[in-house]
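Peer 1: Quick check, what structure comes out for this input:
(2 chains)
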Protein chains: 2
Amino acid sequence: MPIYTYPDHDISFAMNELLEFNKHYDNNYNHIGMSTELVESILIEMQRLAHNLIAPLDSSGDREGCQIKNNVVHTPSGFKQAYKQFSDAGWIGLSHPVKYGGQGLPPSLGMLVYFLMTAANHSWSLYIALANGAITTLGAFGSEIQKKQFIEPIIQGRFAATMCLTESQAGSDLGLITTTAVKKQDGNYLITGSKLFITGGDHDLSENIIHLVLARIEGAPKGSKGISLFIVPKYKVNDQNEITEGNSVFCGGIEKKLGIHGSSTCQMFFDNAEGYLLGEENSGLNAMFTFMNESRISTAAQGLGHLEVSFQKSYEYALERHQMRGSIRKTPEHAADPIIVHPDIRRMLLTQKTLLEGSRALYLYTLKMLDISQGESNEVILKDARIKLSVLTPLIKGFICEVSLESANYAIQIKGGHGYIVESEVEKIYRDARITTLYEGTTGIQALDLLQRKVLASDGKKLFPIIDEVKNFCQNKDGAVQIKEQKQLLEDALHTFSLVTEKLVKGKKNQDESGAAAVDYMMMFGYILTGYFLTKSSMIASELSESDDKNTDYLSSKVLLADYYLKCVLPRVDSLASIINSGSKPVMKLQDDLFFLTSVS
Amino acid sequence: MPIYTYPDHDISFAMNELLEFNKHYDNNYNHIGMSTELVESILIEMQRLAHNLIAPLDSSGDREGCQIKNNVVHTPSGFKQAYKQFSDAGWIGLSHPVKYGGQGLPPSLGMLVYFLMTAANHSWSLYIALANGAITTLGAFGSEIQKKQFIEPIIQGRFAATMCLTESQAGSDLGLITTTAVKKQDGNYLITGSKLFITGGDHDLSENIIHLVLARIEGAPKGSKGISLFIVPKYKVNDQNEITEGNSVFCGGIEKKLGIHGSSTCQMFFDNAEGYLLGEENSGLNAMFTFMNESRISTAAQGLGHLEVSFQKSYEYALERHQMRGSIRKTPEHAADPIIVHPDIRRMLLTQKTLLEGSRALYLYTLKMLDISQGESNEVILKDARIKLSVLTPLIKGFICEVSLESANYAIQIKGGHGYIVESEVEKIYRDARITTLYEGTTGIQALDLLQRKVLASDGKKLFPIIDEVKNFCQNKDGAVQIKEQKQLLEDALHTFSLVTEKLVKGKKNQDESGAAAVDYMMMFGYILTGYFLTKSSMIASELSESDDKNTDYLSSKVLLADYYLKCVLPRVDSLASIINSGSKPVMKLQDDLFFLTSVS
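Peer 2: Got it, this is the predicted structure:
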């Protein structure tokens, strides 16, 4: 089983030393009883559940997959019991309103707990991610009746949820949606259409499933301005949240996929199904963005989970597998040394490790902004956090998921031929991780959101809060020589990034320029922020080590990790800058029909 | 079915315009009747077989896989008939000696034909690759009796072959092999041991299977100097090449793998099985290198096949899938434009296409060196070709297979969510391609061979023949302005590479320096040679277009492809150089036990 080990030292260092979550919780959530101890006990309890309940279902769920028997979608053995145990213990409601049965803890904690469960079992965790997203969306746009009727049972685990966006002709381009909604005399709607790739579209985990469905009301404007959002339950529900009768919602089949076999990905058909308008007419995409933003953060957590497990499995193997001698005999008692002595293995491990540490910090930093953006009274701080969150949401989804593929790839490579075998369990990580750059908006879509809608639309201004933070950090040259040198490397990369940004802002009228640059730009930004958190960790560790003799080894490792990253990963930024600076012409010039010519038919 | 379309224009351009295979065949193989027409008719016939016979078994073979029933390994439906039809038509013997039933055509043609079949069906083609490798190895090291006894029936398709190297404790490190060989009174040996990951270890394609097995003769020196190579048939054979009785060779099971499901990967047990020494005692690794070198070239062909199919599937989809508008409305009659209008999609397609074209040229160039290194009478030309071949063999295996993973990844990415679904067939490419950087020596092993054993051991001298060729090409600044500019970009990258090489040669005593640099160095070299072939194609196309009005479009595409590559792919070289130049310290310094610390157990 790919059970990962809870990285308690690293999470504690990142949360408390690097990002000061202890202060954050003390200052902002003291009134609801938040404390460092409470957070720790929640994380430990969740970790226990993840380890004992959820992770053991990961490999078996992959092998078994979801199956349709007698028109019922069955999830893999154990999934249903785990879902019940998890929801009965109140975990779904952790960071949702007390009013509807939740526990009202900060959203960061909900997302942190989500990370722990998705690292244990990506497929299983998807059902929870959908419940969370639906609760948040219903909470933001639902009427009081809708909230009472649907949020409570989702928190209880009685109802599950989905987001129904994609249709066969409408993927990245939701403006092409054709599912229709016809208003009935009672004010409700009849929904008709078919939806593709619906995660958790049908399953046996809950009594009922609440679909949030994008559709067009008759006569609505064309394109994305004519889309509304509807609540369409699998079974209709009365005022006491009890199921009354079936609705015309059908699962037309489950997809066979590369990975996440434990997640039921369904084709869904709505045939004059009863639906209830959620939010305003024709503002469905806007409402759905609440769901999508939450899903983007969950997907980043999935990428982070794969980074964790990929690194840990690789490290474990690199210590136990003996092949050839290193430059110094490490284990003369064996016929060969453990492969961790070999520079090429270390190179892969250190890349995995630094991308993991940087991504983890980036994820946690985003969660802090998520808290502040929802609960801060100081307008200046609130505004700063909201801008950061809007920039970081596509970034963490795009960047963390992309680097998780790199790490999953190394997890196979480090194991050599053994990595290709199902038994090794890393091939499963490689398959599961692959979905993260596709769903909830591909990497390309995230990158366009970041560059065009956030950076360029604000003439770069939305970047300032976070870039200034990095710049200020670099410019403070107090401290040890090594840290100064590290800051210099980071500052150089930041300078390169700023020049690229300026150039793109100047040329922003040509959308092909930003379109060609978007993904490389997003990766650059991700590498720089990763570098920032690693360098800051290095600085903090270096300072702490002056007064802390017990953790010298651990603290020194932070300095060396930053060193590796700044010298052996961050230079990627230079190539990306060159490529972006060559502009869109080399990308756009070749005629579409000249990419491939053959006279063979 | 992922049937790829034969890229006739591109192969013809690469072979005849770029690499002058027509002259090569005319000059060197005229005596055996080689001509451009013969080559074309062979390729067309092979392409027909690949398309009609072999490719249709690709997806079905993946779904069905290999199975053991009643102790017999069954390959997927159709594999056996195809193997028979293929060998009956004489294809296995294409470039093998006439004396043993082959057709005696140049090795390049055999490898070109191999490329066509592996692009059609990677799994199926592996059985043929093994037959080829065994024939070559038996031809080089076998006694006349051994050759007669085993080569003929392999060419006829009656016997198949394997290479048995890996043991559970001995993968990259073959010095750790423990399989034993005990000499009998009749001069033959009894082989005992177990082998892992044996491709084609057992199956139902042929009457008999000839295993080439690495083992230690009693009392042999430790490590790699005490290994000998043995012929161990599944069934013993008499002088008339007829099967007489079983040998103690058993298949212990077939591995469940990420991909290449149609290839039976077996655990093999030898229990006092009768074996015949092939070549000299204790020189087994050397003999096996003949097999491995051939397998490295075949594996490069597999990577190239995945590059072809990945690009073609992506391009097809990018033309037919409509989502969102481009900067210019391409298809106003549709609600959206084909996704090929979007810069980010083009970026991925062009990267796929240029890596494919460059890799194809690199592969073909290597095949030309393979021919010359075997059949050239002029000592100077012979020596030059042999040096080039020795450098290019690990390079094409390492580089082409690595970039094939990148391209397979894009093939999924371009299809978005659809790419994750089994039906889309690109997820299969992603799984199948993944083996190529693992078997026949991992990417890391290829890189060490290239950098340490070839480049550094010769103080860089073995690089000169090929580097000089690129340098001379760049320095000739005749011709169009655009081509001059392209040459300049290539020359700059070559200069960077030369500086890195010099530095590594100077520091060669520290094996960690080269160990840390090896993979990045190999990739740099690959990018530069890819750039060389693309730029040279661009120059030739530019010259040809002055006199050829019919193919203007096709020829201009070569110029634009080089342009894209030099500006948007080749800059990767700069980052790789920076990373190499940071040396091995950042890689080696972190203590092994400090990569991950946790108090959770």
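Peer 1: So for the longest strand belonging to chain A, what gets flagged as buried?
Peer 2: Criterion DSSP state E: the longest strand present in chain A is strand A:265-277. Buried residues in strand A:265-277, counted by 16 or more other Cβ atoms under 10 Å in any protein chain shown: A:265, A:266, A:267, A:268, A:269, A:270, A:273, A:274, A:275, A:276, A:277. C-beta: built from backbone N, CA, C; applies to glycine.
Peer 1: cool, stretch A:200-208 as well?
Peer 2: Within stretch A:200-208, the residues scored as buried using 16+ other Cβ under 10 Å are A:200, A:201, A:202, A:203, A:205, A:206, A:207, A:208.
Peer 1: can I get the CA coordinates of that stretch in PDB?
Peer 2: Output of stretch A:200-208 as PDB, limited to C-alpha atoms (Å, rounded to 0.1, in the frame of the first residue of the first chain):
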ATOM      1  CA  GLY A 200     -18.800  10.600  -8.500                       C
ATOM      2  CA  GLY A 201     -21.800  10.900 -10.900                       C
ATOM      3  CA  ASP A 202     -23.200   7.800  -9.400                       C
ATOM      4  CA  HIS A 203     -22.000   5.500  -6.600                       C
ATOM      5  CA  ASP A 204     -23.200   3.600  -3.600                       C
ATOM      6  CA  LEU A 205     -21.600   5.700  -0.800                       C
ATOM      7  CA  SER A 206     -24.700   7.800   0.100                       C
ATOM      8  CA  GLU A 207     -28.500   7.700   0.100                       C
ATOM      9  CA  ASN A 208     -28.600  10.500  -2.400                       C
END
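Peer 1: Averaged pLDDT, that stretch. What do you get?
Peer 2: This predicted structure assigns stretch A:200-208 an average pLDDT of 98.
Peer 1: That one and chain B in contact?
Peer 2: No: in terms of Cβ under 8 Å from any Cβ of the partner chain, no part of stretch A:200-208 sits within range of chain B; the closest distance is 13.5 Å.
Peer 1: count of neighbours near residue A:509?
Peer 2: Residue neighbour count, defined by other Cβ atoms under 10 Å in any protein chain shown, stands at 8 for residue A:509.
Peer 1: what sits against it?
Peer 2: By Cβ atoms under 8 Å, 6 or more residues apart in numbering or on different chains, residue A:509 lies in contact with nothing.
Peer 1: Which pLDDT value goes with it?
Peer 2: pLDDT recorded at residue A:509 is 96.
Peer 1: Now do the following helix or strand past the longest strand of chain A and strand A:265-277, the angle between them.
Peer 2: Per DSSP states H and E, the first helix or strand lying C-terminal to strand A:265-277 is helix A:284-320. Calculated by axes from the mean of the first three to the mean of the last three Cα atoms, to 10 degrees, helix A:284-320 forms an angle of 150 degrees with strand A:265-277.
Peer 1: just to revisit the earlier point, quick one: list the elements packing against the longest strand of chain A.
Peer 2: Applying 3 or more Cβ pairs under 8 Å, 6 or more residues apart in numbering or on different chains; DSSP states H and E, we find strand A:265-277 packed against strand A:180-183, strand A:189-199, strand A:208-217, strand A:228-233, strand A:249-254.
Peer 1: mind listing what's buried in the first one?
Peer 2: Within strand A:180-183, the residues scored as buried using 16+ other Cβ under 10 Å are A:180, A:181.
Peer 1: Name the residues that touch it?
Peer 2: A:189-193, A:215-218, A:228, A:230, A:272, A:275, A:277.
Peer 1: how about a cut-off of 10 Å?
Peer 2: Strand A:180-183 has contacts (Cβ atoms under 10 Å, 6 or more residues apart in numbering or on different chains) with A:188-193, A:213-220, A:227-230, A:232, A:270, A:272-273, A:275, A:277, A:281, A:284.
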